[in-house]
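Student: Below are the sequence and a predicted model for it; my questions follow.
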Amino acid sequence: MRIPILKLHDYLLISVQVELDDQTALQFQEDLLNKIHQEGSSGVVIDLTSVEMIDSFIAKVLGDVVEMSNLMGAKVVLTGIQPAVAITLIDMGIMLDEVPTALDLEQGLDKLQQELEG
Amino acid sequence: MSVQSNVEVHTEWGIVSARQAGRNLAKELGFSSVDQARITTAISELARNIYLYAEKGEIIIESVERMQSTGRKKGIKITAKDEGPGIKNIRQVMEDGFTTSGGLGAGLPGVKRLMDEFDIDSIAGEGTEITTIKWNS
Ligand SMILES: Nc1ncnc2c1ncn2[C@@H]1O[C@H](COP(=O)(O)OP(=O)(O)OP(=O)(O)O)[C@@H](O)[C@H]1O
Ligand SMILES: [Mg+2]
């Protein structure tokens, strides 16, 4: 399964609508980096509203994707993390410390704008 | 009455099936959405460890009950069993950040915090059995 990546001007938008199995998560990592490179994108919003569980593996993949994108010069904002998912991550001791987050897609885009201007 | 499902884990799909079976039973037992996420995440960690370190094994998900002075308590019990290499130093693998696979090392200590009861039984060279319970409060 592949997660669709949409282009909006200089940004890429992703709404994760499927259960993230390991293969899908790794494929997404690769697809996103390729797309950033192809399109020369400056920002990425990954919306996780539909994601019901993030375990240590998925958390690592997401953390890595943010770091790799930063290396390539694109800022990433994660949006829509469900309360149950946020609580579980904290229980697990997983801190997505350096990862910018926002409540929803709209605020995510605002945040990107700020990060890129500021 | 107790419900039980056994999920074989020898591919990544086993991890997904075990998660789904766990979420279904957690829902049926009336766990909150936060507890459902905790239980599903714990199962995912245990199933992935089987897949990564033991190649194959089994996740058993069942409902459990306990009588208390305050009434009957219901819970969900997860057993993860494999005949892999086993764990030599249990204290070490329970430390946050300890990993032999370049992971976050968050799995086992995380499961212990997500659930209410947690027990590891492992013999090097023979296998590992981890049992964990979440009670519905
Ligand atoms: N079923 C098992 N059989 C043998 N060794 C295991 C098993 N489960 C875990 N281990 C060992 O315990 C270590 C810690 O496991 P834990 O799940 O906490 O972290 P991890 O799997 O390395 O990383 P993460 O779960 O954060 O992706 C593993 O690296 C592995 O060496
Ligand atoms: Mg693990």
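Tutor: That came in fine, so what should we check first? Ligands and ions are numbered 1, 2, ... in the order given.
Student: Every contact and neighbour count from this point should use C-alpha atoms.
Tutor: Will do.
Student: Please enumerate the helices of chain A.
Tutor: Remark: helices assigned in chain A by DSSP state H are A:22-39, A:56-71, A:83-92, A:105-117.
Student: quick one: the longest one near ligand 1?
Tutor: By that I understand helix A:22-39. No - if you take CA under 6 Å from any ligand atom as the test, helix A:22-39 misses ligand 1, and the best it gets is 11.3 Å.
Student: before we move on, back to that, in TSV, list the helices of chain A along with mean pLDDT, distance to ligand 2 and mean neighbour count.
Tutor: Below are those laid out as TSV (pLDDT from 0 to 100; distance: least, CA to the ion, whole Å; neighbours: other CA atoms under 10 Å in any protein chain shown):
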stretch	mean pLDDT	distance to ligand 2	mean neighbour count
helix A:22-39	96	13	16
helix A:56-71	95	7	18
helix A:83-92	96	12	20
helix A:105-117	92	31	16
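Student: In JSON lines, list those along with distance to B:Ile78.
Tutor: Formatted as JSON lines, the helices of chain A follow (distance: least, CA to CA, whole Å):
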{"stretch": "helix A:22-39", "distance to B:Ile78": "21"}
{"stretch": "helix A:56-71", "distance to B:Ile78": "18"}
{"stretch": "helix A:83-92", "distance to B:Ile78": "17"}
{"stretch": "helix A:105-117", "distance to B:Ile78": "36"}
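Student: Tell me which of those sits nearest to B:Ala18.
Tutor: helix A:22-39 (13.8 Å; CA to CA).
Student: What is the closest one packed up against?
Tutor: Contact partners of helix A:22-39 among helices and strands, from 3 or more CA pairs under 8 Å, 6 or more residues apart in numbering or on different chains; DSSP states H and E: helix A:56-71.
Student: List of residues touching the helix it packs on?
Tutor: A:20, A:22, A:25-26, A:29, A:33, A:36, A:75-76, A:94, A:96, A:99, B:45, B:103-104, B:106-107 (CA atoms under 8 Å, 6 or more residues apart in numbering or on different chains).
Student: Bridged to the residue nearest the centre of chain A, which residues?
Tutor: Nearest to the mean C-alpha position of chain A, counting by CA atoms, centre = their mean, stands A:Ile46 at 3.5 Å. Counting by DSSP bridges, A:Ile46 is bridged to A:Ile14, A:Leu78.
Student: That one touches A:Ile14, doesn't it?
Tutor: Yes - using CA atoms under 8 Å, A:Ile46 is in contact with A:Ile14, at 4.8 Å.
Student: residues touching residue 82, list them.
Tutor: Using chain A here. Neighbours of A:Gln82 in contact, by CA under 8 Å, 6+ apart: A:48-49, A:51-52.
Student: oops, I was thinking of chain B
Tutor: B:50, B:54, B:56-58, B:127-129.
Student: Do you have the helices of chain B handy? List them.
Tutor: According to DSSP H, the helices that chain B contains are B:12-28, B:33-49, B:90-93, B:107-114.
Student: Deepest in the core, which of these is it.
Tutor: helix B:33-49 (a mean of 25; mean count of other CA atoms under 10 Å in any protein chain shown).
Student: can you tell if that one touches ligand 1?
Tutor: Yes - under the criterion of CA under 6 Å from any ligand atom, ligand 1 is reached by helix B:33-49 at B:45, B:49.
Student: show me what contacts residue 48?
Tutor: In the absence of a named chain, chain A is used. Here A:Leu48 is in contact with A:15-17, A:78-82 (CA under 8 Å, 6+ apart).
Student: actually chain B
Tutor: B:12, B:15 are the contacts of B:Arg48 under CA under 8 Å, 6+ apart.
Student: follow-up on the earlier one: nearest to B:Met67 among the contacts of A:Leu48?
Tutor: Of these, the one sitting nearest to B:Met67 (CA to CA) turns out to be A:Gln82, at 33.9 Å.
Student: For the closest one, grab phi and psi.
Tutor: phi -60, psi 150 (degrees, to the nearest 10).
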